[in-house]
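Undergrad: sequence? don't have it. structure:
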């Protein structure tokens, strides 16, 4: 299209100017135009670099289509605006990758109905003191930024669209602060909206960001932004990211269909969300990292994860607050981990959670008040030493296990209710602690409160009712319990005396299990309950038995053939050495300290206990008792306390076996100044100074234990023998179930043996596979299903009461 003419209509007060006229070029017309003049441009292509110094009106002919007037210079800035001009109905093209197509440097111009199609550094650039009003403009710039606002520039963009950008769709930096209203940014290669640098800011209202090859919204380096009623979706990276002291407010926004984190923030950034929905995300819905980083969410909804990650992740000292929020249809709802990390959850709903609703680990803290958790694998799990917080006035319904406390975690639970759990309402194991006040369990298919040995737990005024396996299951060294009741008797559970006597099991449906019972024992044998009125001692004496009797019990364990050979060979060496000494001969030195490697549930603790008895029967150890500890029992929280704890554990084990489970946790790969190394150094010295007083066994996963043996020069030399516990095969798991059935007076009906073998063959055996524990749980599930079936019979026969059939097997589910 050829270049047309430009008509200038004078609108100013200066009489010496020409009132009107036609000019062959835009440059000539602009040279004579002043403030208030109107330049009507005829259709055509103008290959000129235009600079507007006056408040003129520059427009295409009335009624013409956009594109009939094209401003398309060969290089440089196509249109520069330095005054409060009005520009409308133009098509602007640029070809200079070092310069913007449209540059607004000053004034408050109005740009309306422009189409900027260019391959420039930026489609529209606003800088300095300029404050334009940009309406219904479209920018297409596959070579650079769509809209750039920098160096203190601002302005309002209404109903604009960035249809393509080779970099960010909208970029704000250097103190720029625009406002976007009802804009659409899509098909950008880079951030959809990027705001960076101290003093930079952006406000967006009713905007949509989508189809972005990068992050949807990116705020960084002390910048700030506020998005209201905006939508971010279909990005290739995170939906929204904040980094390095960034501040962002999201109000009434919708972030969805994100393959990575829906919202990711770190490095002291602060995010405030209200009435915002986060849905269909591939990693975390909210990912919060680093000390000083904070999220405050109110009346928000996070749901429908498409990946296998927690919906809310808080770590490395970050904090998060959720008030009146809903999190549902996710693998895990909330994970908070690392010392200094904290979450506060108030009046919120966590539901349809495949695994754990609230997980607290590595020294983190969770405060959960007046919340409702339902249809989850686990309601809340406090995982390890230093992890804690409070659950208060919460209801947990339709879960597998209500609350789990393990490995030294020490939460406080007050006025919490667990209903319809398929396993225990509250479960404490592996040295877990915790205080439970006025908590209630109703309709559990397992125990109400299940606290296994070694756990320092306190219960006060708790109550259970309609729990299928009993209200309370305590080990003989069980928790402090006061004023607790159960519908099994309607009476109170007597408080434990200062001497540590066990609560009366008959009073409140409490089953007290001896410390010799190992929950992971592969045989599945449940010893008879210890009489409740017998006093307890911190370390009970082990009944003296002949080595042959103990070895016979070892041989009776299912599987473990290589383990049995190793233990027998070691026992034979010790026995022959003892006899040689009695004969006045030299005896070979035998390293009694052992390394046990293998997966959980393979019988390591059981074999360690039997090994102690064998050594006692041979006169090698004075008592042969077992003291089981883990990292939480050995590692203190400040300098000097670790050596004291390790010494105390070693002293308790004198004359017996010190069994350190998950010993590799004493030397994490990223240990830094971790006190675990101090525990190892102290232990090595104690083993040298008291080599005949204590036998030490360290246990854990095979690969991790190989690394553990290299952390201290003295470790490998003192643990010269490693015994590997292999995983159980289907046939061995079947045998464990058969032993349990025999012990509990059940029989396997026709086809059940074959069904069990097929079940164990198909059962997923990932890292969480429990081996012997899985076999025991399978048997327990069969008994529960059998009870549900037989309870419907009016007059069951003895066969009905004892036979387990294939239909009693639990449903095989895919691994989480």
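TA: Received, thanks. Everything numeric in this text was worked out from a predicted model, so none of it was measured.
Undergrad: Tell me if residue 334 really is in a strand.
TA: Yes - assessed with DSSP: H, G, I helix; E, B strand; the rest coil, residue 334 lies in a strand.
Undergrad: For the closest residue to it other than its chain neighbours, pull up the helix or strand it's in.
TA: Nearest-residue entry for residue 334: residue 312, 4.6 Å, with adjacent residues in sequence omitted and distances by C-beta to C-beta, 6 or more residues apart in numbering. Using the backbone N, CA and C atoms, a C-beta is placed for each residue, glycine as well. Using DSSP states H and E, residue 312 maps to strand 310-315.
Undergrad: Check the offset of that strand from the chain's centre.
TA: Offset of strand 310-315 from its chain centre (C-alpha atoms, centre = their mean, to the nearest Å): 4 Å.
Undergrad: cool, stretch 610-626 as well?
TA: Distance, stretch centre to chain centre, for stretch 610-626: 43 Å (C-alpha atoms, centre = their mean).
Undergrad: pLDDT on that stretch, on average?
TA: Averaging pLDDT along stretch 610-626 gives 84.
Undergrad: ok now do the residue nearest to residue 334, which residues does it touch?
TA: Shown in contact with residue 312 (C-beta atoms under 8 Å, 6 or more residues apart in numbering): 284-286, 288, 302, 320, 322, 327, 333-335, 343.
Undergrad: what pLDDT does it get?
TA: Residue 312 is assigned 97 on the pLDDT scale.
Undergrad: distance of it from residue 300?
TA: 10 Å (C-beta to C-beta, to the nearest Å).
Undergrad: Are there residues contacting both of the two? Which ones?
TA: residue 322.
Undergrad: Show me what the closest residue to residue 652 other than its chain neighbours bridges to in the sheet.
TA: Closest residue to residue 652 apart from its sequence neighbours, by C-beta to C-beta, 6+ apart: residue 627 at 4.9 Å. Applying DSSP bridges to residue 627 gives these bridge partners: residue 658.
Undergrad: count of neighbours near residue 627?
TA: 21 (other C-beta atoms under 10 Å).
Undergrad: That one touches residue 660, doesn't it?
TA: No - assessed by C-beta atoms under 8 Å, residue 627 is found out of contact with residue 660, at 9.5 Å.
Undergrad: The protein: helices as residue ranges?
TA: For the chain, helices defined by DSSP state H occupy the ranges 26-32, 505-508, 547-556, 561-582, 604-617, 631-634, 641-652, 676-689, 702-708, 713-718, 730-743, 752-762, 772-790, 798-802.
Undergrad: Export the ones you listed to CSV and append columns for distance to residue 6 and mean neighbour count.
TA: CSV is the format used below for the helices of the chain (distance: least, C-beta to C-beta, whole Å; neighbours: other C-beta atoms under 10 Å):
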stretch, distance to residue 6, mean neighbour count
helix 26-32, 4, 18
helix 505-508, 97, 20
helix 547-556, 103, 15
helix 561-582, 95, 15
helix 604-617, 91, 24
helix 631-634, 82, 24
helix 641-652, 85, 18
helix 676-689, 80, 19
helix 702-708, 78, 16
helix 713-718, 88, 15
helix 730-743, 89, 20
helix 752-762, 81, 17
helix 772-790, 85, 20
helix 798-802, 101, 12
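Undergrad: Name the stretch from these that approaches residue 350 most closely.
TA: helix 772-790 (25.0 Å; C-beta to C-beta).
Undergrad: Give me the helices and strands touching that closest one, please.
TA: Packed against helix 772-790 by the contact rule (3 or more C-beta pairs under 8 Å, 6 or more residues apart in numbering; DSSP states H and E) you find helix 730-743, helix 752-762, strand 803-804.
Undergrad: 7 Å - rerun?
TA: Other elements packing on helix 772-790 under the criterion 3 or more C-beta pairs under 7 Å, 6 or more residues apart in numbering; DSSP states H and E are helix 730-743.
Undergrad: Next, the angle helix 561-582 makes with the helix it packs on.
TA: 70 degrees (axes from the mean of the first three to the mean of the last three C-alpha atoms, to 10 degrees).
Undergrad: just how off-centre is helix 730-743 within its chain?
TA: Taking mean C-alpha positions (C-alpha atoms, centre = their mean), helix 730-743 and its chain are 36 Å apart.
Undergrad: Mean pLDDT per helix and strand in the chain: which one sits at the bottom?
TA: Lowest on mean pLDDT, DSSP states H and E among the helices and strands of the chain sits helix 505-508, with a mean of 38.
Undergrad: residues in contact with residue 723?
TA: Listed by C-beta atoms under 7 Å, 6 or more residues apart in numbering, the contact partners of residue 723 are 563, 566, 594, 596.
Undergrad: ok, it to residue 706 distance?
TA: From residue 723 across to residue 706, the span is 14 Å (C-beta to C-beta).
Undergrad: I'd assumed residue 141 was in contact with residue 170.
TA: No - using C-beta atoms under 7 Å, residue 170 makes no contact with residue 141, being 11.5 Å away.
Undergrad: ok, residue 620 - contacts?
TA: Taking C-beta under 7 Å, 6+ apart as the criterion, residue 620 is in contact with 574, 592.
Undergrad: ok, so what distance separates it from residue 613?
TA: To residue 613, residue 620 is 11 Å away according to C-beta to C-beta.
Undergrad: cool, residue 108 as well?
TA: 90 Å.
Undergrad: Ok, residue 586 next?
TA: According to C-beta to C-beta, residue 586 and residue 613 sit 27 Å apart.
Undergrad: is it true that residue 347 touches residue 325?
TA: No - checked against C-beta under 7 Å, the pair residue 347 and residue 325 is beyond contact range at 8.5 Å.
Undergrad: These two: who's more crowded?
TA: Higher neighbour count among residue 347 and residue 325: residue 325, with 23 against 15, using other C-beta under 10 Å.
Undergrad: sorry, back to before: what are the bridge partners for the residue nearest to residue 334, then?
TA: residue 286, residue 334.
Undergrad: if I pick residue 228, what's in contact with it?
TA: Residue 228 neighbours (C-beta under 7 Å, 6+ apart): 205, 251-252.
Undergrad: Which ones among those lie within strands?
TA: Within those, residues falling in strands by DSSP state E are 205, 251.
Undergrad: want to throw the contacts of residue 228 into CSV with distance to residue 635 and pLDDT?
TA: Output for these, formatted as CSV (distance: C-beta to C-beta, whole Å; pLDDT from 0 to 100):
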residue, distance to residue 635, pLDDT
205, 53, 98
251, 45, 98
252, 47, 98
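Undergrad: Now neighbour count and distance to residue 176 too, for the contacts of residue 228, in TSV please.
TA: Listed next are the contacts of residue 228 as TSV, based on neighbours: other C-beta atoms under 10 Å; distance: C-beta to C-beta, whole Å:
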residue	neighbour count	distance to residue 176
205	17	17
251	16	22
252	16	24
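Undergrad: Name the nearest of the contacts of residue 228 relative to residue 116.
TA: Closest to residue 116 out of the contacts of residue 228 is residue 205 (22.3 Å), distances taken as C-beta to C-beta.
Undergrad: Mind listing the residues bridging to that closest one?
TA: Beta-bridge partners for residue 205, by DSSP bridges, are residue 181, residue 228.
Undergrad: show me the contacts for it.
TA: Neighbouring residues of residue 205 by C-beta under 7 Å, 6+ apart: 181, 228-229.
Undergrad: any idea which of the residues you listed is closest to residue 145?
TA: The closest of the contacts of residue 205 to residue 145 turns out to be residue 181 (C-beta to C-beta; 19.7 Å).
Undergrad: can you count the residues close to that closest one?
TA: 16.
Undergrad: Contacts only, for it.
TA: Under the criterion of C-beta under 7 Å, 6+ apart, the contact list for residue 181 reads 156-158, 205-206.
Undergrad: Kindly recompute the last result at 8 Å.
TA: 156-159, 204-207.
Undergrad: Next one: it relative to residue 46, how far apart?
TA: Distance from residue 181 to residue 46, counting by C-beta to C-beta: 31 Å.
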